[in-house]
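Novice: predicted model follows, preceded by the sequence.
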Amino acid sequence: MLSQIQTDVLVIGAGPAGCLAAAILKKRGFEVTVVEKQKFPRFVIGESLLPRIMGHLDDAELLDAIKEVGFQEKNGALFVHGDEVCEFNFSEKFTAGWDWTWQVKRADFDKALADEIERKGVNVLYETAVSKIEFSGTASVTKVDCADGSQFEIAAKYIVDASGYGRVIPRMLDLEQASTLLPKQSLFAHVKDEKRTDETRIIALILKDNTWAWIIPFSDGSTSLGIVSGAEYFSSFSGEPLKQFHEIIESNDFLKARFGDAELIFDPKKLGGYAVSCKKLYGDGFVLVGNATEFLDPIFSSGVTFAVESGHLAGDLVADFLEGKKVNWEEDYSTYMKKGIEVFRAYVDAWYSGDLQKVFFAPEPDFDIKRQICSVLAGYVWDMENPFVRKPKRALNSLISFLEMRNKPTK
């Protein structure tokens with residue numbers, strides 16, 4: 001007979017989604033246990049945040065703990081293609097709200113969040129993996145395996161699955177489904193960046209069709225450099241990831257000038273197949289948050305935004321449910337989250353089709369339209385007053401058609 005602990009809510013995963021959910025639930029008076037398969041700090045990508053998350057961190061009483069770490073402030077983004085540059089400053093966005101955020105090493109960011117919820121009284125159990133869940137109505141008993149080989153059970157009234165790519169409940173309940181996005185790979189490393197000129201903005205550098213690089217400066221003088229493309233692009237460079245990484249840098253004038261002689265902090269890593277989706281986001285006794293639900297693409301840095309948004313919202317809704325209030329999970333959670341996903345998906349699709357570049361690099365851009373698009377890039381993808389949120393595909397297609405007509409040579 002395994003020993004058993006009791007908790008109001010079990011959170012699977014101590015990343016940003018899990019920490020936000022746990023913080024909100026604890027703030028509202030519930031006992032929360034978090035199980036995390038890994039030991040923190042641990043490396044993960046998703047290093048450029050968006051201003052949308054700042055209000056949620058503040059509401060969850062986590063913002064001050066993050067401020068104390070001293071992460072690099074971020075106030076905008078640059079998109080670069082050869083000599084063309086498109087600049088977005090979050091202070092010029094259409095939607096009211098925070099106009100700055102951070103660029104973070106996720107090992108430090110995630111640990112700061114987890115340490116703070118633990119300080120608030122959340123029980124965080126590291127190196128503890130879920131092996132089995134049995135539901136009885138909305139209540140559940142979860143068996144977990146510890147690093148030392150021991151096992152025990154956790155009885156909970158509700159589960160928040162923030163297991164990220166572990167996707168614990170989606171895999172157990174056959175909720176996974178393939179993403180409709182074309183598969184991409186990322187090759188990335190951290191480098192010592194002695195030639196930086198602007199630390200406050202991420203750069204998305206277009207290398208060729210469907211291929212781009214992220215440049216994310218950190219406060220300690222290092223920078224995250226990553227290349228995103230399809231497998232065929234990487235296969236055109238010979239050798240192991242380290243050799244490919246150097247060859248790609250040498251193949252582009254911008255990268256070569258800034259990083260040609262930069263010292264690597266760690267050897268390049270390669271990830272692929274990260275675009276994932278799910279058949280449903282909730283069920284009796286559980287809700288999925290963060291990457292356990294859906295992940296689109298590194299472009300536009302939406303991953304942590306969805307993690308924080310979903311964790312914050314799920315925490316409040318689970319608290320409502322446990323307080324006996326009526327919760328419409330389809331309308332209040334699933335439809336809401338899918339709207340944000342729909343907006344970012346429209347921009348991801350337009351980015352890889354090349355249509356969005358026609359907007360970004362158009363001569364004489366309309367300031368009001370640019371403000372509205374800037375709000376999307378700042379993560380405000382639930383502002384229905386913004387036409388580029390309300391009907392994202394229609395608004396983008398109409399704008400692109402207008403620009404093509406305007407720029408068409410006259411006979």
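Specialist: Right, received. Where do you want to start?
Novice: in CSV, list the C-alpha atoms belonging to the longest helix belonging to the chain.
Specialist: Counting residues, the longest helix in the chain under DSSP state H turns out to be helix 303-322. Output of helix 303-322 as CSV, limited to C-alpha atoms (Å, rounded to 0.1, in the frame of the first residue of the first chain):
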residue,chain,number,x,y,z
GLY,A,303,5.1,30.3,-26.0
VAL,A,304,5.5,31.9,-22.6
THR,A,305,2.6,34.2,-23.2
PHE,A,306,0.2,31.3,-23.7
ALA,A,307,1.8,29.6,-20.7
VAL,A,308,1.2,32.5,-18.4
GLU,A,309,-2.2,33.4,-19.9
SER,A,310,-3.5,29.8,-19.6
GLY,A,311,-2.0,29.2,-16.2
HIS,A,312,-3.4,32.4,-14.7
LEU,A,313,-6.9,31.8,-16.2
ALA,A,314,-7.0,28.1,-15.3
GLY,A,315,-6.0,28.9,-11.8
ASP,A,316,-8.9,31.3,-11.4
LEU,A,317,-11.4,28.9,-13.0
VAL,A,318,-10.3,25.9,-10.9
ALA,A,319,-10.7,28.1,-7.8
ASP,A,320,-14.2,29.1,-9.0
PHE,A,321,-15.1,25.5,-9.5
LEU,A,322,-13.8,24.4,-6.1
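Novice: give the rounded mean pLDDT of it.
Specialist: Helix 303-322 carries an average pLDDT of 97.
Novice: ok now that helix, how far from the chain's centre?
Specialist: In terms of Cα atoms, centre = their mean, to the nearest Å, the centre of helix 303-322 is set 14 Å apart from its chain centre.
Novice: also stretch 174-183?
Specialist: How far stretch 174-183 lies from its chain's middle: 17 Å, per Cα atoms, centre = their mean.
Novice: contacts for stretch 376-386 next, please.
Specialist: Residues outside stretch 376-386 that contact it (Cβ atoms under 8 Å, 6 or more residues apart in numbering) are 50-53, 77, 88, 90, 93-95, 97, 99, 300, 302, 305, 336, 339-340, 343-344, 347, 372, 375, 388-390, 392. All C-beta spots, glycine's among them, are computed from the backbone N, C-alpha and C.
Novice: centroid residue for the chain?
Specialist: Geometric centre of the chain, nearest residue: residue 303, 1.3 Å, by Cα atoms, centre = their mean.
Novice: residues touching the spatially closest residue to it that is not a sequence neighbour, list them.
Specialist: The spatially closest residue to residue 303, leaving aside those adjacent along the chain, is residue 46, at 4.5 Å (Cβ to Cβ, 6 or more residues apart in numbering). Residue 46 is in contact with 106, 298, 301, 303, 304, counting by Cβ under 8 Å, 6+ apart.
Novice: rerun that using 6 Å as the cut-off
Specialist: For residue 46, the contact set (Cβ atoms under 6 Å, 6 or more residues apart in numbering) comprises 106, 303, 304.
Novice: wasn't it part of a strand?
Specialist: No. Under the criterion used here (DSSP: H, G, I helix; E, B strand; the rest coil), residue 46 is coil, not part of a strand.
Novice: in strands, which of the contacts of stretch 376-386 appear?
Specialist: 77, 88 (DSSP state E).
Novice: got a PyMOL select line for the buried ones in the contacts of stretch 376-386?
Specialist: Selection of the buried residues among these in PyMOL, burial being defined by 16 or more other Cβ atoms under 10 Å:
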select buried, resi 50+51+52+53+77+88+90+93+94+95+99+300+302+305+336+340+343+344+347+372+375+388+389+392
